[in-house]
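Chemist: Got a predicted structure plus its sequence, pasted below:
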Amino acid sequence: MKTSSRLRAGDEYLFDWIDKLRADAGSGELAPIPLGVGDCDLPTPPVIVTAMQRAVEQPELHRYPPYEGTARMRTAAVDFFRRRFGLRPDPDREVLVTLGSKEAMAHLALAFVDPGDVVIVPDPGYPVYATWARFCGAEVYRMPLRRENGFLPDLDAIPADIARRAKLLWVCYPNNPTAALADTEFYDRLACFALQHDILVASDAAYSEIYFDAPPPSFLQSPGAMECGIEFHSLSKAYNMPGWRVGYAVGNEQAIAALRAVKTHTDSGTFAAVQHAAVAALTDTTDYPARLRAVYHERMTVLCDGLEAAGLEVLRPRATFYCLVRNPAGLAGSAFSERLLTEARVLSIPATGFGPGGEGYTRLTVCAGLDQIHEAVRRVSTITW
């Protein structure tokens with residue numbers, strides 16, 4: 001049976017490859033310590049689980065939900081934006097409930113990209129941005145993120161012809177995989193650039209609540225950003241809900257309407273009981289994300305201290321639950337990651353998995369308990385790099 005040319009031309013999905021690598025590496029005592037995929041290891045907070053348990057017992061929620069999401073969920077998202085970013089998007093025209101971020105980001109390409117268009121993606125960056133651009137027949141332009149620029153793209157370096165033909169430009173801050181942050185000055189310049197060239201900016205804000213210093217801004221706070229932007233938020237990271245598949249998009253009314261139109265042809269919305277649980281998360285007054293940040297900060301300190309003591313160069317993050325490690329001399333591409341797995345039994349991800357711009361780095365995560373992180377550091381420290 002012959003698959004489509006678009007599927008044959010694509011690479012194996014990075015995290016599917018990691019899952020297979022982990023399975024092949026063994027189980028039990030042979031299982032590697034999982035510091036590769038950012039899959040939250042902590043349980044979803046009880047207040048959210050209880051809300052789900054109560055909601056799922058309500059027969060009226062077993063029916064198809066509204067395509068745009070329930071009014072309660074969209075209002076809760078607006079209230080969060082008001083508290084967190086000082087913005088008041090229209091819940092009826094500028095907010096859309098999604099099945100997490102991944103499907104919505106993929107479907108955005110279907111809403112806006114035609115064959116021959118250009119999609120600008122960060123390099124390194126989350127693979128979905130480029131994959132779905134190619135699926136839609138677009139030309140992918142990789143926008144370098146360099147350490148000397150704080151892993152922010154140089155917008156002035158984008159060729160004029162690329163900017164003229166571009167339909168979509170992706171950014172992700174706090175960033176995966178570099179853990180870099182963007183400030184309001186950069187976002188202001190990005191909004192001006194997008195308006196000048198009639199480009200839709202797609203901001204992946206999945207890690208907006210995982211930070212260790214000042215709260216990072218939203219792209220949509222910049223002047224003109226609501227005219228040219230759409231931002232994706234997920235409950236997966238801030239509330240330990242990766243398996244629940246719920247999030248929302250906020251932004252330009254036309255972009256939201258186009259994404260909604262694609263979704264009406266593709267899925268039937270997010271289970272209403274899950275949306276009830278998401279409302280409980282977004283309206284919870286115990287500030288669970290702050291407690292979660294403290295856990296990740298402690299873990300990150302242990303990991304970075306230990307790796308540095310082992311003689312490795314670590315880029316200490318100010319956000320996300322990821323850190324980049326500079327590959328030791330002579331270990332290009334995935335070679336360092338392979339040695340971590342075979343010699344230390346520690347699973348990591350070569351940053352080249354996020355694009356050629358990741359060359360020279362390996363990404364590790366702290367989505368594992370302190371005992372596992374201490375053990376990972378001990379194992380790594382026994383190896384001569």
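Modeler: Now that the structure is in, tell me what you want to look at. Numbering: from 1, shown residues only.
Chemist: remind me, longest helix of the chain?
Modeler: Longest helix in the chain, counting residues (DSSP state H): helix 288-309.
Chemist: Helix, strand, or coil at residue 249?
Modeler: strand (DSSP: H, G, I helix; E, B strand; the rest coil).
Chemist: That one and residue 344: what is the separation?
Modeler: Counting by Cβ to Cβ, to the nearest Å, the separation of residue 249 from residue 344 is 40 Å. All C-beta spots, glycine's among them, are computed from the backbone N, C-alpha and C.
Chemist: and the closest residue to residue 107 other than its chain neighbours, how many neighbours?
Modeler: Spatial nearest neighbour of residue 107, chain neighbours left out: residue 262 (4.6 Å); criterion: Cβ to Cβ, 6 or more residues apart in numbering. The burial count assigned to residue 262 is 17, neighbours taken as other Cβ atoms under 10 Å.
Chemist: ditto for residue 345
Modeler: 18.
Chemist: Go ahead and confirm residue 268 touches residue 66.
Modeler: No. Residue 268 is beyond contact range of residue 66, at 10.1 Å (criterion: Cβ atoms under 8 Å).
Chemist: More neighbours: which of these two?
Modeler: Counted by other Cβ under 10 Å, residue 268 and residue 66 do not tie: residue 66 has more neighbours, with 14 against 11.
Chemist: got a list of what that one touches?
Modeler: residue 269 (Cβ atoms under 8 Å, 6 or more residues apart in numbering).
Chemist: Compute the distance between it and residue 275, please.
Modeler: Applying Cβ to Cβ, the value for residue 66 to residue 275 is 9 Å.
Chemist: With residue 102 instead?
Modeler: 18 Å.
Chemist: who's more crowded, the two?
Modeler: residue 275 (27 against 19).
Chemist: Identify the residues contacting that one.
Modeler: Taking Cβ under 8 Å, 6+ apart, one finds 65, 69, 70, 72, 73, 97, 246 in contact with residue 275.
Chemist: residues near the fifth one, how many?
Modeler: Right, the one you point to is residue 73. Per other Cβ under 10 Å, the neighbour tally for residue 73 reads 26.
Chemist: Packing partners of the one helix or strand it maps to?
Modeler: Here residue 73 is covered by helix 71-85, with elements defined by DSSP states H and E. Counting contacts by 3 or more Cβ pairs under 8 Å, 6 or more residues apart in numbering; DSSP states H and E, helix 71-85 is packed against strand 95-98, strand 247-251, helix 272-283.
Chemist: and the residue nearest the centre of the chain, helix, strand or coil?
Modeler: The chain has residue 206 as the residue nearest its centroid, 4.6 Å off, counting by Cα atoms, centre = their mean. When classified by three-state DSSP, residue 206 comes out as coil.
Chemist: roughly how far apart are it and residue 321?
Modeler: According to Cβ to Cβ, residue 206 and residue 321 sit 11 Å apart.
Chemist: can you list residues touching both of those two?
Modeler: Both residue 206 and residue 321 are in contact with residue 237, where contact means Cβ under 8 Å, 6+ apart.
Chemist: hmm, back to that, wait, which of the helices and strands packed on helix 71-85 is closest to residue 184?
Modeler: Residue 184 lies closest to strand 247-251 among the helices and strands packed on helix 71-85, at 17.1 Å (Cβ to Cβ).
Chemist: circling back to that earlier point, so which bits of the longest helix of the chain are buried?
Modeler: By neighbour count on 16 or more other Cβ atoms under 10 Å, the buried set for helix 288-309 is 288-289, 292-293, 296-297, 299-300, 302-304, 306-307.
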